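Chemist: Quick one, fold the following:
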Amino acid sequence: MRNEQKFDLNVYDEQIDEEALEVPDLNVNPFFSRTLSQDQRAIANSPHLHKLSLAAEKYREVANEKSEALNNFFREMGQKEFDARVGGREFSPFKHGKFWQMVEYLDGNQIPQFKDKDETREEYQDRIFNNTPWGTEERELLQSGWDLAINSALLCDIMSERREIGATYLLEHVVGDKDSLFYPSVTPDFQTRVVNDSFWQLILANTGDYGREILEDVLTKYARELDPKQARDNILRWSGSRLSMVEGVSPLAYESGTQECFGGLSKRAIANYGRFLNAAIASPGSRAEEFTMLAKAYNDAVELVDEDDCSYFTEEEQEELHKVPYINSVLKQAS
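Modeler: Got it, this is the predicted structure:
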């Protein structure tokens, strides 16, 4: 069952024709225009970020139209959380952009099951998908549910319930989960999109050990899918109120204080990080100051030494890892 494609992949922002976008002319009002910083202009003129804004509008339209019907569907399937008479409050993940809860109920992923039934995930999926006398309307409803789940994760930072790990969640629970009902719908382009969004979320958001494990996968298993041309838009997006001035990055590696001496990313992951960052800095439109903290994080990892003067990398490895001219240029400008 799970090897068959059950649902279509509908990414709202990718359905928007970039050539038909009406990007606002910032020079119409010179008084407003002259107050904008270079980064604010870049955000306003970015077709990608503009498409995300329009996609969020479509999400709200679909959610307003379908959320009540989806709630009714899962309530009728025995999920009491969707019954306000039981919980005493509204439970509506489809309306509020709670992508993790949507996937849990659509996919049987870590959801609270019936207390009186010992039901496996596959049995839950079978019951949701097969054991109900569905017609076209029901199939379209669950398709809308997956549309809302996927898109709210991709738009997680501009949902009403703001989160910063939407793509990271999709990478772990859809792209990397062969038991997911949506796994057969994953395309190479979608996987690449999720990998790149995940990298920047994990680098620029404080996700702790959870994020570090997934970042390891991104920089090893999926490293070839990282696209340096996407760096500018992602830095503008994920730096938040700081705009493109990245003020801090969690250490890529660190002294662990254990028998293993060092923790964090593997040597292979750090090497791939350096190659990717070097290429991103070299991309057209990039600005050196955007990458200062990212470059310092790399340099700190390469030069990491513990309290016993033991280096994470050997001298030969360090010499090779420092062959990144664009990173070196950023570090020189910052010194």
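
Chemist: Only C-alpha atoms from now on, for both contacts and neighbour counts.
Modeler: Fine.

Chemist: Point out the other helices and strands that the helix ranked longest in the chain packs with.
Modeler: Longest helix of the chain, by residue count under DSSP state H: helix 47-76. Other helices and strands packing on helix 47-76, by 3 or more CA pairs under 8 Å, 6 or more residues apart in numbering; DSSP states H and E, are helix 93-96, helix 136-154, helix 231-238.

Chemist: and it, which residues are buried?
Modeler: Buried residues in helix 47-76, defined by neighbour count with 16 or more other CA atoms under 10 Å: 47, 49-52, 55-56, 58-60, 62-63, 66-67, 69-71, 73-74.

Chemist: thinking again about what came up before, which one of the helices and strands packed on helix 47-76 lies nearest to E19?
Modeler: Evaluated over those, closeness to E19 peaks at helix 231-238, with 17.8 Å, by CA to CA.

Chemist: So what touches that closest one?
Modeler: Applying CA atoms under 8 Å, 6 or more residues apart in numbering, the contact partners of helix 231-238 are 39, 43, 46, 48-49, 197, 200-201, 204-205, 243-244, 246, 280, 285-286, 290.

Chemist: Stretch 264-279 now?
Modeler: 212-213, 215-216, 219-220, 223, 226-228, 251-254, 294-295, 298, 301-302, 313, 321, 324-327.

Chemist: which residues touch Y312?
Modeler: F262, A301, V302, E303, L304, V305, D306.

Chemist: ok so, going back, are any of the contacts of stretch 264-279 buried, and which?
Modeler: 212, 215-216, 219-220, 223, 226-228, 251-254, 294-295, 298, 301-302, 313, 321, 326-327.

Chemist: Just those: which are in strands?
Modeler: A253, Y254 (DSSP state E).

Chemist: which one is L141 nearest to, not counting chain neighbours?
Modeler: For L141, ignoring the flanking residues on the chain, the nearest one in space by CA to CA, 6 or more residues apart in numbering is L70 at 6.9 Å.

Chemist: nope, S152 is what I meant
Modeler: Excluding the flanking residues, the one nearest S152 by CA to CA, 6+ apart is G97, at 5.3 Å.

Chemist: Then Q143?
Modeler: F7 (6.1 Å).

Chemist: measure the one you found to R60 for me?
Modeler: For F7, the distance to R60 (CA to CA, to the nearest Å) stands at 21 Å.

Chemist: F199 too?
Modeler: Per CA to CA, F199 is found 26 Å from R60.

Chemist: Kindly report the same for L52.
Modeler: For L52, the distance to R60 - CA to CA - is 13 Å.

Chemist: same question, K51
Modeler: As defined by CA to CA, K51 lies at a distance of 14 Å from R60.

Chemist: for D227, same thing?
Modeler: D227 sits at a distance of 30 Å from R60 (criterion: CA to CA).

Chemist: Poorly predicted segments of the chain, please.
Modeler: By pLDDT under 70, the low-scoring segments of the chain are 1-3, 84-89, 111-117, 131-136, 206-209, 240-248, 257-260.

Chemist: What sits closest to F91 if chain neighbours are left out?
Modeler: Nearest to F91 is F82, by CA to CA, 6+ apart, at 5.4 Å.

Chemist: Over to A223?
Modeler: Using CA to CA, 6+ apart and skipping the chain neighbours, the partner closest in space to A223 is N272 (6.9 Å).

Chemist: so how far is the helix or strand that neighbour falls within from its chain's centroid?
Modeler: If you go by DSSP states H and E, N272 is part of helix 267-282. Mean-position distance between helix 267-282 and its chain equals 19 Å (CA atoms, centre = their mean, to the nearest Å).

Chemist: how about K95, what does it touch?
Modeler: Going by CA under 8 Å, 6+ apart, K95 touches R60, A63, N64, S67.

Chemist: try 10 Å
Modeler: K95 sits next to 59-68, 70-71, 102, 148, 152, 160-161 when contact means CA atoms under 10 Å, 6 or more residues apart in numbering.

Chemist: what's the answer for P251, then?
Modeler: Here P251 is in contact with I203, R212, G263, G264, L265, L294, K296, A297, Y298, D300, A301 (CA under 10 Å, 6+ apart).

Chemist: Quick check, the third one in contact with E255.
Modeler: Same thing as G263. Yes - here G263 reaches E255: they are 6.2 Å apart, a contact under CA atoms under 10 Å.

Chemist: Looks like M77 contacts I128 (just checking).
Modeler: Yes - when contacts are counted by CA under 10 Å, M77 is listed as touching I128 (7.6 Å).

Chemist: burial count for the spatially closest residue to C261 that is not a sequence neighbour?
Modeler: In space, and not counting its chain neighbours, C261 is closest to E255: 5.8 Å by CA to CA, 6+ apart. E255 has 17 neighbouring residues, counting by other CA atoms under 10 Å.

Chemist: E255 and L202: what is the separation?
Modeler: 20 Å.

Chemist: again, but for I150
Modeler: From I150 across to L202, the span is 18 Å (CA to CA).

Chemist: again, but for M293
Modeler: With CA to CA as the criterion, M293 and L202 are 14 Å apart.

Chemist: These two: which is more packed in?
Modeler: Neighbour count, other CA under 10 Å: between M293 and L202, L202 has more, with 25 against 19.

Chemist: Confirm for me that that one is in contact with D217.
Modeler: No - counting by CA under 10 Å, L202 stays clear of D217, with 11.4 Å between them.
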